[in-house]
Structure formats: C-alpha cells, structure tokens
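Peer 1: sequence isn't available, so here's the structure alone:
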C-alpha cells in the first residue's frame, strides 16, 4: 500500500466481481512500529478474521457495541493506522474515499474511546436490481447467502431419489408443491427466529420435470438482517 491513498484502485469498480474477497488495509500502528521495515507495512488481517469468527455470521465486523479493537490492558490498538504505516490521524482526510472504494480499515468515533473496523466490504459493486435482488457486496451478506444455502441443502437432501406422485399430466400436484415450499420456509423461519435473517420465501416450480430430467426446480429468496451504518437525526428547539 503506497502513500497516495487517493490513488488506490476502486474495489467497487473492478473488471470482475470478487464477492468472497475483502481487502484489509488497517494495522495496530503501535505494534507495527516495533517490527522490521517490511513488517511496518503489514495489514492486520488476523485481527479482522478474529472479529469475524467471534460473532454471528450476519453481523457487521464494525459493530460499535461489541467490536472495539482497543484493549488498554494489553496495549493493543492504542494507535491505529494503515498498512502504509501512516497513523489514522495522518490519513483522516482520505478515509471517506477509501470506504467508498470498498477498503476495510480502522476508524474512531467522536465521544467514544477505541477503534473499530469501518465495515465488512467485499470487492464487488453495490447492486440492487429492478427485481429487488442484491449482490454480496459485504462479507455479512456473503455469509448470509452461504449459510442459508448450507441449511437449505441439509433440509432438502433427504428428498433426493424419493418417489414423487404426480398428477395425470405428469406435473407436481398442489399438495406436493406446498410440501416442498414448507421445507424451505421452515429453514427461513428457524434462521429468522435466531435473528440471523429477516425473512425468506420458497417457490417450487410446478413445471419441474421429474420424469425425464428428474430435476426439482425451486427458487429461494432471503431477506438479510439490516444494519445501521449511520444515524441522521433532526432536532429542534420548541417553545412548548
């Protein structure tokens, strides 16, 4: 990482999307300052991964209430910096641009003691299409997709190779469609009950060919949990 932060590549506007890749450019400056010349330029990926591992997969690694990186007793993250070994205070003017470009680094909040990761960006543009489909532009959205897919696979796996009674046209009857829908919806209900997702919906294709292709087609939609990245308030003086 060079000294000209404004010239950094835009990770939100790359030739390809890397929804499973996060670029961390922050460091515990005090720790890095005691390392070799090369070591001073390290990025604290290990701390970032530790934060990710310490919390539920739908949570933002920059959560203020629970993920303060600073530990005065251990002398950790007393001073934060970037992986070019510049202190946070030296690069403050560049942080907004770096956040918009999708980099992960430490930041501070006025009125609070400590340092936090700014977010859990991935190397992908932020997409929300006309049908309401979002891409995995944060690590917690990526985790939501991956963990939901795993749970759905486990739920549906026992259905593989089972005989299915079809109607006279060789199509799925309504009762069977409802059965398959209920399997997926039960997964969403469980995850929502644990506050890992907000909601989900299962839609089984009634035209699935189980005679020749023998492929059950199902569409799933999952609504992730939201996140408060910013609070904008309005306050007025009143005479009553």
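Peer 2: Nice, I can see it. Only a predicted model underlies this, so the values are computations on that prediction, with no experimental measurement involved.

Peer 1: can you give me the strands in the protein?
Peer 2: Along the chain, the stretches classed as strands by DSSP state E are 26-28, 80-82, 106-107, 116-117, 197-204, 218-224.

Peer 1: with mean pLDDT and mean neighbour count as added columns, please give these in JSON lines.
Peer 2: Every residue, glycine included, has its C-beta placed from N, CA and C. Shown next, in JSON lines, are the strands of the chain (pLDDT from 0 to 100; neighbours: other Cβ atoms under 10 Å):
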{"stretch": "strand 26-28", "mean pLDDT": "97", "mean neighbour count": "26"}
{"stretch": "strand 80-82", "mean pLDDT": "96", "mean neighbour count": "25"}
{"stretch": "strand 106-107", "mean pLDDT": "96", "mean neighbour count": "22"}
{"stretch": "strand 116-117", "mean pLDDT": "98", "mean neighbour count": "23"}
{"stretch": "strand 197-204", "mean pLDDT": "98", "mean neighbour count": "18"}
{"stretch": "strand 218-224", "mean pLDDT": "98", "mean neighbour count": "16"}
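
Peer 1: list the buried residues in the lowest-mean-pLDDT helix or strand in the chain.
Peer 2: Least confident helix or strand, the chain: helix 88-91 with a mean of 91, by mean pLDDT, DSSP states H and E. Buried residues in helix 88-91, counted by 16 or more other Cβ atoms under 10 Å: 88, 91.

Peer 1: then stretch 134-144?
Peer 2: 135, 136, 137, 138, 139, 140, 141, 142, 143, 144.

Peer 1: quick one: which of these is nearest to residue 27?
Peer 2: residue 139 (19.0 Å; Cβ to Cβ).

Peer 1: residues contacting the nearest residue to that closest one once chain neighbours are set aside?
Peer 2: Among residues not flanking residue 139 along the chain, residue 120 sits closest, at 3.8 Å (Cβ to Cβ, 6 or more residues apart in numbering). Residue 120 makes contacts with 22, 52, 60, 61, 62, 104, 138, 139, 140, as judged by Cβ atoms under 8 Å, 6 or more residues apart in numbering.

Peer 1: which ones are touching the third one?
Peer 2: Under the criterion of Cβ under 8 Å, 6+ apart, the contact list for residue 60 reads 119, 120, 138, 140, 227, 229.

Peer 1: roughly how far apart are the residue nearest the centre of the chain and residue 88?
Peer 2: Centroid-nearest residue in the chain: residue 140, 1.8 Å away (criterion: Cα atoms, centre = their mean). According to Cβ to Cβ, to the nearest Å, residue 140 stands 24 Å off from residue 88.

Peer 1: outline the domain layout of the chain.
Peer 2: 5-117, 140-224 (the TED database).

Peer 1: in TSV, list the ones you listed along with distance to residue 128.
Peer 2: Output for those, formatted as TSV (distance: least, Cβ to Cβ, whole Å):
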stretch	distance to residue 128
domain 5-117	14
domain 140-224	11
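
Peer 1: of all the ones you listed, which lies closest to residue 235?
Peer 2: By Cβ to Cβ (comparing all of the domains of the chain), the closest turns out to be domain 5-117, at 16.1 Å.

Peer 1: in terms of pLDDT, where does residue 6 sit?
Peer 2: If you check residue 6, the pLDDT there is 77.

Peer 1: quick one, helices of this protein?
Peer 2: Ranges of helices in the chain, per DSSP state H, are 29-32, 45-54, 88-91, 95-100, 139-156, 174-193.
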